[in-house]
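K.L.:
Mind folding the following:
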Amino acid sequence: MKAIILKEAGSVENLQFAEIEKPTLQSDEVLLKVASIGINPVDVKARAYEGVLGWIFGEERPVILGWDISGEIVEKGNEVTDLKIGDEVFGMVNFFGNGKGYAEYVASPAKHLALKPKDTTYQHAAASTMAASTAYQALVDIAKIKKGDKILIHGASGGVGHFAIQIAKHFGAYVIGTSSAKNRDFILSLGADEHVDYTKDNFAKIVQDAEIVLDTIQGETLLRSVDTVRPGGIIVTLPSPEIPPEVIEKAKTKQINIEFMMVASKNETITAIAQLLDQGVLKPHIHKIFPFEEIAKAHLEVETNRVVGKVVVNI
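P.N.:
Predicted coordinates:
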């Protein structure tokens, strides 16, 4: 089968096509013939930086990147009972770990997958995996979002952000999203109640007494976010577990909880995402679609940090 391997971190030229054997299955796994894959910032960082690559894969080389997939089950292990051959499924495979998603066939634990809703394309399903799961776990599992909460979402037009708006509105929250002015209409079209242009407005002077902040940026944004949260509220931060001491101290003084969260492959999460897609609650936005042969271009597109929604690759 065709796969894309990475022998060492670096430029997109390091993504090399290769012919390798199809994966063999464990008893709790299924084999997917992959239709589409989602490209995430973590894909790009692992490809570009040896530190990130080693953090995820250890000393294993070469590796196959990729975690977000959709496709059809063509084989299954003898312990798999909830899925069958021919099922169309999607999911985030083995994150945090080795998903091996950049390939024509992928072995996945059955519990990391959900049935693809019949009215959802393979492309939209692949787009609704890591980013949607991150938004869901941050808001539902960590922040315990509830009706009436005021929530501030940074980077609201991005992959995680645009799903977070929709999930928050589904739970009955009042949603404020930040982005540049050009994405204002997109953010409001997703259901956000307010938009803040971070390029010209100080969100910390506009937003007060929020119950939840979803921080996808960190740095100065995280520090100023503390000023927007009421005592007893929470900031869920995603980019790094290394929170500056001044942020921790400021939050402690205001009695605000700050939690770093890294998404994990969970059956209950991908099942919930599938239900929200089926109900029309979640509508993934696809920024661009690339063919498998142009995966380097897909990486470069994500690297611009100007993606609205998600970048998807068709196999």
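
K.L.:
which residues touch stretch 73-85?
P.N.:
Identification of contacts with stretch 73-85 by CB atoms under 8 Å, 6 or more residues apart in numbering yields 25-33, 86-89, 105, 110, 113, 115. Just so you know, the C-beta spots here come from the backbone N, C-alpha and C atoms, and that holds for glycine as well.

K.L.:
Quickly note the distance from the closest residue to His285 other than its chain neighbours to Pro239.
P.N.:
Closest residue in space to His285, ignoring its immediate chain neighbours: Gly309 at 3.1 Å, by CB to CB, 6 or more residues apart in numbering. According to CB to CB, to the nearest Å, Gly309 stands 19 Å off from Pro239.

K.L.:
if you count what's nearby, which of those two comes out ahead?
P.N.:
Here Gly309 and Pro239 are compared on neighbour count by other CB atoms under 10 Å; more neighbours surround Gly309, at 21 against 15.

K.L.:
what's the pLDDT at the more buried one?
P.N.:
At Gly309, the predicted lDDT confidence score is 98.

K.L.:
cool, and Ala46?
P.N.:
We have a pLDDT of 98 for Ala46.

K.L.:
so where does it fall, helix or strand?
P.N.:
helix 41-48 (DSSP states H and E).

K.L.:
quick one on the thing from earlier: could you check the distance from the residue nearest to His285 over to Ala9?
P.N.:
When distance is defined by CB to CB, Gly309 is 26 Å away from Ala9.

K.L.:
what's the answer for Phe57, then?
P.N.:
10 Å.

K.L.:
Common neighbours of these two, please.
P.N.:
Ala46.

K.L.:
Show residues contacting the helix or strand following the helix holding Ala46.
P.N.:
As assigned by DSSP H and E, the chain's next helix or strand after helix 41-48 is helix 50-57. Here helix 50-57 makes contact (CB under 8 Å, 6+ apart) with Leu6, Glu8, Ala9, Val42, Lys45, Ala46, Arg47, Val63, Phe96, Gly97, Asn98.

K.L.:
Between helix 41-48 and the helix or strand just after helix 50-57, find me the angle.
P.N.:
From helix 50-57 onward toward the C-terminus, using DSSP H and E, the following helix or strand is strand 68-76. Put simply, strand 68-76 runs at 90 degrees to helix 41-48, going by axes from the mean of the first three to the mean of the last three CA atoms, to 10 degrees.

K.L.:
mind saving the C-alpha coords of strand 68-76 as CSV?
P.N.:
Extracted C-alpha coordinates of strand 68-76, given in CSV (Å, rounded to 0.1, in the frame of the first residue of the first chain):
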residue,chain,number,x,y,z
ASP,A,68,-7.6,11.9,11.7
ILE,A,69,-9.2,9.5,9.3
SER,A,70,-12.4,8.4,7.6
GLY,A,71,-13.0,5.3,5.5
GLU,A,72,-14.5,1.9,5.2
ILE,A,73,-13.8,-1.2,7.3
VAL,A,74,-12.4,-4.0,5.2
GLU,A,75,-11.2,-6.3,8.0
LYS,A,76,-11.8,-6.7,11.7
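
K.L.:
Now do the same for that strand: mean pLDDT, whole number.
P.N.:
98.

K.L.:
Could you tell me which strands that strand is paired with, and in which direction each runs?
P.N.:
Its sheet considered, strand 68-76 pairs with strand 29-39 (antiparallel), strand 88-92 (antiparallel) by DSSP bridges.

K.L.:
Tabulate the ones you listed (JSON lines), appending mean pLDDT.
P.N.:
Shown next, in JSON lines, are the strands paired with strand 68-76 (pLDDT from 0 to 100):
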{"stretch": "strand 29-39", "mean pLDDT": "98"}
{"stretch": "strand 88-92", "mean pLDDT": "98"}
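
K.L.:
Out of the ones you listed, which is closest to Glu259?
P.N.:
Among the strands paired with strand 68-76, strand 88-92 comes nearest to Glu259, with 20.3 Å by CB to CB.

K.L.:
for the closest one, the distance to its chain's centre please.
P.N.:
The chain centre lies 14 Å from the centre of strand 88-92; the measure is CA atoms, centre = their mean, to the nearest Å.
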